[in-house]
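Peer 1: Give me coordinates for this.
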Amino acid sequence: MAKIKDVAREAGVSVGTVSMVLNHDDYGSAAIRAKVEAAVQKLHYVPSEMARNLSLQRTMTIGVIVPTVAHPFFAELVEALEEALYHLGYKTMLCCTQKKENAEHTFVTMLKRQTMDGIIMGAHSLDVSLYENLDRPVLAFDRYLSDEIPIVHCDHEMGRRLAAEMFLRHDCHHIVQIGGSENVKTPAQGYHAACNEVLQAHGVRTDILRLPWNSFDFAEAFQIAQELFERYPDVDGILGADIYAISCLQLAGQRGLRVPEDLRLVAYDGTAMTQLGRPITAVRQPIEALAELAAQKIVNMITGKKDRLPWVLPPKLLPGATC
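Peer 2: Numbering: from 1, shown residues only. As a prediction, this is how the structure comes out:
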């Protein structure tokens, strides 16, 4: 197997010149580059990725932190992020924080030690102090970490308005939203007001059932659905993340409620699971586009490239059989 010194001898240049030509697109004259490239092809030389990364002072690896990949939203997000990062030349290192102590601390330590080039942080943990005074690239996904850390997210205010307009279209009188824990600071948190504003302006009663913590467990989602029906027996419209909307749909049937005749349901996220079987009306977050945007943003942060890409992307309404 050819080595870099063999390429240098064949091209008639130094080993350092070969390294610089292979690792930097703008290095050397056209004639020098042509000699090196011809030697590489003739000797079938395959550059060492480790050596290249050391030269660039990069690992070409990005950490992705999410609560769990068992949840449909994060499963689709991680898949889309991995693909987007791959096409940009980066590998993905995944960290799921649910039911793991210190997992997030470990990833941040790895970033500080330059074991990875950057982190896309989408977990719902409460200790955001981990990200204070970091001089390495961190991008938040739908999370507020600090004023210094940029964030990519869906336009949740627009999403809530789309849901509200759907309920108004069907003359609902009492809408209950299932909202995330107020302990976790996300762009989605304050936008329940957008839905309430539209509905209340038309005389519709609204309530928000707040989660004590952001759980991503299907059994707990079903318990929340039970609590909702017990607390608000006259509800005729429900807005919640996919697993809560699906839980409410199942429980409504058990309680003798017809959907959509007696109860209107709108899921928020619009993952593939809402379109299986009987399609559920959903506000679809553009997961693939958000992932591509987040991937490009973190790579630009790593390489020092400035861009004018947006930070917020609009959702869209997926009509279904539940509203």
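Peer 1: From the contact counts, what lies against the helix or strand containing Leu239?
Peer 2: Counting by DSSP states H and E, the secondary-structure element that holds Leu239 is strand 237-241. Secondary structure elements in contact with strand 237-241, counted by 3 or more Cβ pairs under 8 Å, 6 or more residues apart in numbering; DSSP states H and E, are helix 156-169, strand 174-179, helix 242-254, strand 264-269. (Each C-beta comes from the backbone N, C-alpha and C, glycine too.)
Peer 1: of all these, which lies closest to Gln226?
Peer 2: Comparison of those against Gln226 by Cβ to Cβ identifies helix 242-254 as nearest, at 6.3 Å.
Peer 1: Going by neighbour count, list what's buried in that closest one.
Peer 2: Using 16 or more other Cβ atoms under 10 Å as the burial criterion, the residues of helix 242-254 that qualify are Asp242, Ile243, Tyr244, Ala245, Ile246, Ser247, Cys248, Leu249, Ala252.
Peer 1: Please report how far the closest residue to Pro72 other than its chain neighbours lies from Ile119.
Peer 2: The shortest distance from Pro72 to any non-neighbouring residue, by Cβ to Cβ, 6 or more residues apart in numbering, is to Thr271 (4.0 Å). If you measure Thr271 against Ile119 using Cβ to Cβ, to the nearest Å, the figure is 24 Å.
Peer 1: who's in contact with Lys297?
Peer 2: Each residue near Lys297 by Cβ atoms under 8 Å, 6 or more residues apart in numbering is listed here: Leu139, Pro150, Val152, Asp307, Leu309, Trp311.
Peer 1: Can I get the residues you listed in CSV including pLDDT, distance to Pro47 and secondary structure?
Peer 2: Supplementary listing: those in CSV, determined by pLDDT from 0 to 100; distance: Cβ to Cβ, whole Å; DSSP: H, G, I helix; E, B strand; the rest coil:
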residue, pLDDT, distance to Pro47, secondary structure
Leu139, 96, 29, strand
Pro150, 94, 33, coil
Val152, 97, 33, strand
Asp307, 91, 28, coil
Leu309, 94, 31, coil
Trp311, 96, 36, coil
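Peer 1: Pick out whichever of these sits closest to Met60.
Peer 2: Out of those, the member with the shortest distance to Met60 (by Cβ to Cβ) is Leu139, at 16.5 Å.
Peer 1: That closest one and His153 touch, don't they?
Peer 2: No: the pair Leu139 and His153 does not pass the contact test of Cβ atoms under 8 Å, sitting 10.9 Å apart.
Peer 1: So which helix or strand of this structure has the lowest pLDDT on average?
Peer 2: Using mean pLDDT, DSSP states H and E, the weakest-scoring helix or strand in the chain turns out to be helix 49-56, at a mean of 56.
Peer 1: Count the residues that sit near Met301.
Peer 2: Using other Cβ atoms under 10 Å as the criterion, Met301 is surrounded by 18 other residues.
Peer 1: So it belongs to a helix, correct?
Peer 2: Yes: inclusion of Met301 in a helix is indicated when DSSP: H, G, I helix; E, B strand; the rest coil is applied.
Peer 1: Now do Thr115 against Ile298, distance only.
Peer 2: According to Cβ to Cβ, Thr115 stands 16 Å off from Ile298.
Peer 1: ok, of the contacts of Lys297, which one's closest to Asp236?
Peer 2: Val152 (35.0 Å).
Peer 1: excluding its backbone neighbours, what's nearest the closest one?
Peer 2: Leaving aside its chain neighbours, Val152 sits nearest to Ala294 (4.6 Å; criterion: Cβ to Cβ, 6+ apart).
Peer 1: Just the C-alphas of the helix or strand hosting the one you found, formatted as PDB.
Peer 2: Secondary structure from DSSP H and E places Ala294 in helix 287-303. As requested, C-alpha coordinates have been extracted for helix 287-303 and formatted as PDB (Å, rounded to 0.1, in the frame of the first residue of the first chain):
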ATOM      1  CA  ILE A 287     -38.200  17.900  10.400                       C
ATOM      2  CA  GLU A 288     -36.100  17.100   7.400                       C
ATOM      3  CA  ALA A 289     -35.600  20.800   6.500                       C
ATOM      4  CA  LEU A 290     -34.900  21.700  10.100                       C
ATOM      5  CA  ALA A 291     -32.300  19.000  10.300                       C
ATOM      6  CA  GLU A 292     -30.600  20.100   7.100                       C
ATOM      7  CA  LEU A 293     -30.600  23.700   8.400                       C
ATOM      8  CA  ALA A 294     -29.200  22.700  11.800                       C
ATOM      9  CA  ALA A 295     -26.500  20.600  10.100                       C
ATOM     10  CA  GLN A 296     -25.400  23.400   7.800                       C
ATOM     11  CA  LYS A 297     -25.500  25.900  10.600                       C
ATOM     12  CA  ILE A 298     -23.200  23.900  12.900                       C
ATOM     13  CA  VAL A 299     -20.800  23.100  10.100                       C
ATOM     14  CA  ASN A 300     -20.600  26.800   9.300                       C
ATOM     15  CA  MET A 301     -20.000  27.600  13.000                       C
ATOM     16  CA  ILE A 302     -17.100  25.000  13.000                       C
ATOM     17  CA  THR A 303     -15.500  26.300   9.800                       C
END
